[in-house]
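Colleague: no sequence on this one, just coordinates:
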């Protein structure tokens, strides 16, 4: 029920997998603007729900790379360095479980003014939504990490994160970036 993601470098990734060669990737992680260069050892490609992933080792650690975030890819002349006894199916299952079973450890406390907020954030509520029309209300939300709380910025000054400090700092940093963008 969504548009397909771009897979611009999929052919290069396939070539590396089929020829057992290392890859030099330019990769932009989720929520990041900057591209980071990486040398990876591919195990294979997997398509889940219409989204392609490269399953590879990066600096000896297993990783999933979303193909749509690959900015550049070059097949290296150096042969792939796979860990003994590790197969694509097992590695994919393990990495997928890590992502899917990740608990939402970060509880965020906000003050909100709008009823619309409760409806839009219902999936992240950590309890019932207290509602007092025309008053500030405290609401507990759960997010998998600090950056996942960034959609709260869309409510402007109608929502204030009161804790934790790490989320407040991240939102302030992003808001400052937006202000700087529009002031130039």
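Modeller: Cool, the structure landed. Computed from a prediction, not measured in an experiment: that's the story for all the values here.

Colleague: contacts and neighbour counts: CA atoms only from here.
Modeller: OK.

Colleague: what residue lies at the spatial centre of this structure?
Modeller: Central residue check for the chain by Cα atoms, centre = their mean: the C-alpha nearest the mean position is that of residue 30, 4.0 Å away.

Colleague: residues contacting that one?
Modeller: Shown here is residue 30, whose contacts under the criterion Cα atoms under 8 Å, 6 or more residues apart in numbering are residue 69.

Colleague: How is it assigned, secondary-structure-wise?
Modeller: coil (DSSP: H, G, I helix; E, B strand; the rest coil).

Colleague: what are the phi and psi angles of residue 31?
Modeller: With angles defined as degrees, to the nearest 10, residue 31 sits at phi 80, psi 0.

Colleague: Look up the closest residue to it, ignoring the ones flanking it.
Modeller: Of all residues beyond its chain neighbours, the one nearest residue 31 is residue 147 (7.5 Å), with distances taken as Cα to Cα, 6 or more residues apart in numbering.

Colleague: and residue 169, how far is that from residue 124?
Modeller: Relative to residue 124, residue 169 is positioned 20 Å away (Cα to Cα, to the nearest Å).

Colleague: Same drill for the two, tell me which one is more crowded.
Modeller: residue 124 (17 against 14; other Cα atoms under 10 Å).

Colleague: Quick one, grab the pLDDT at that one.
Modeller: Reading off the per-residue confidence, residue 124 sits at a pLDDT of 70.

Colleague: my guess is it contacts residue 143, does it?
Modeller: Yes. With contact taken as Cα atoms under 8 Å, residue 124 and residue 143 are classed as touching, separated by 6.7 Å.

Colleague: what does the longest strand seen in the chain contact?
Modeller: Taking DSSP state E as the criterion, the chain has its longest strand at strand 36-48. Under the contact criterion Cα under 8 Å, 6+ apart, strand 36-48 has outside partners 13-14, 16-17, 20-28, 52-59, 80-82, 87-88.

Colleague: who does it pair up with?
Modeller: Each strand paired with strand 36-48, and its direction, by DSSP bridges: strand 21-27 (antiparallel), strand 51-58 (antiparallel).

Colleague: Give the rounded mean pLDDT of that strand.
Modeller: pLDDT averaged over strand 36-48 equals 93, rounded to a whole number.
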